[in-house]
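Q: Here is a sequence with its predicted model. Questions after.
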Amino acid sequence: MNNQYDPEYIKTLFNKMSGSYERVNYITSFGFSLRWRKQFLDPIKPSDQELEVIDLMTGMGETWHPVKRHFPNGNFTALDFSEGMLRQAHKKNSSQFNDSVNITNQNALQNNLPSDHFDVVLSAFGLKTFSEEQIVKLAEETKRILKAGGEFSFIEVSQPKSLFLRGLYKLHLKYIVPICGRLLIGNPREYKMLWKYTEVYENSLSVAEIFKSEGLDVTFHSYFGGCATGISGRKEVSAE
């Protein structure tokens, strides 16, 4: 496996960025990251039922506020394997959510989550750090933990189709974001890796095909000219 996709490498990378990641992400995306975290929930109908909802690769809990508004009475689980990110998430859970989020320190690809348990599976900006082989495993896990009829939505930063937008985006992610990283943590190297992951990832079209191959119903989504893309869908109810 290419070292940049090794789970221990990625865990170390995000542990190092955990003190500044949320601020850098918001500032350098001009607030679009917050907007996209709301928009990727749109394919799933809001519900006040006590649904089982999980946020994979939850990071510091940046998606929790829109998720909680979308599913106000849901039983909410948040999963990540970066201890640094989860330290920040636990602080947020205590200060803003009355410790109502069930936080679990596990790998999304290898975990003890119950099968056929969740009504909704979500993840924002975690796909790019997976290889194609790992995306296959993610699709398998998503299908495994979803109830029949359960829904999912994923979103990721992507490369726009427009050459003009792509050029600006490359300049922004490759140079501006690392500069912000240098100012906040003194080392831009970790933030340069985010561009490398985005460059290889391109967009979520291949992810859509992989999830379809696992028998999931999938729809592809593009946001702001392709600066972010994602997938949503459901696990079909088996015919008896």
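A: Nice, I can see it. Numbering: from 1, shown residues only.

Q: before we move on, could you check phi and psi at the spatially most central residue of the chain?
A: For the chain, the residue nearest the mean C-alpha position is A124 (2.5 Å; Cα atoms, centre = their mean). Note on A124: backbone dihedrals following degrees, to the nearest 10 are phi -120, psi 120.

Q: Give the next helix or strand downstream of the worst-scoring helix or strand of the chain on mean pLDDT.
A: Within the chain, no helix or strand scores below helix 177-185, which has a mean of 59 by mean pLDDT, DSSP states H and E. Downstream of helix 177-185, the next assigned helix or strand under DSSP states H and E is helix 189-201.

Q: where's the helix or strand just after that following helix relative to the chain centroid, distance-wise?
A: Using DSSP H and E, the helix or strand that directly follows helix 189-201 along the chain is helix 205-213. The chain centre lies 16 Å from the centre of helix 205-213; the measure is Cα atoms, centre = their mean, to the nearest Å.

Q: Paired strands for the next helix-or-strand element following helix 205-213, with orientation please.
A: Per DSSP H and E, the first helix or strand lying C-terminal to helix 205-213 is strand 217-223. Using DSSP bridges, strand 217-223 pairs in its sheet with strand 228-234 (antiparallel).

Q: who's in contact with the nearest residue to I231 once chain neighbours are set aside?
A: Nearest residue to I231 in three dimensions, chain neighbours excluded: A208, at 4.8 Å (Cβ to Cβ, 6 or more residues apart in numbering). C-beta here means a position set from N, CA and C on the backbone, and glycine is covered the same way. A208 makes contact with 218-220, 231, according to Cβ atoms under 8 Å, 6 or more residues apart in numbering.

Q: of these, closest to L56?
A: I231 (13.2 Å; Cβ to Cβ).

Q: So what pairs up with that closest one in the strands?
A: Applying DSSP bridges, one finds that I231 bridges with F154, F220.

Q: On the pLDDT front, check it for me.
A: At I231, the pLDDT value in this model is 99.

Q: can I assume it is in contact with S222?
A: No: I231 is beyond contact range of S222, at 10.7 Å (criterion: Cβ atoms under 8 Å).

Q: related to what we said a few turns ago, now the contacts of A208 in CSV, please, with extra columns for distance to N75 and neighbour count.
A: What follows is these, written out as CSV (distance: Cβ to Cβ, whole Å; neighbours: other Cβ atoms under 10 Å):
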residue, distance to N75, neighbour count
V218, 25, 21
T219, 26, 12
F220, 29, 17
I231, 24, 26
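
Q: okay if I get those as JSON lines plus distance to N203?
A: Listed next are the contacts of A208 as JSON lines, based on distance: Cβ to Cβ, whole Å:
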{"residue": "V218", "distance to N203": "14"}
{"residue": "T219", "distance to N203": "14"}
{"residue": "F220", "distance to N203": "9"}
{"residue": "I231", "distance to N203": "10"}
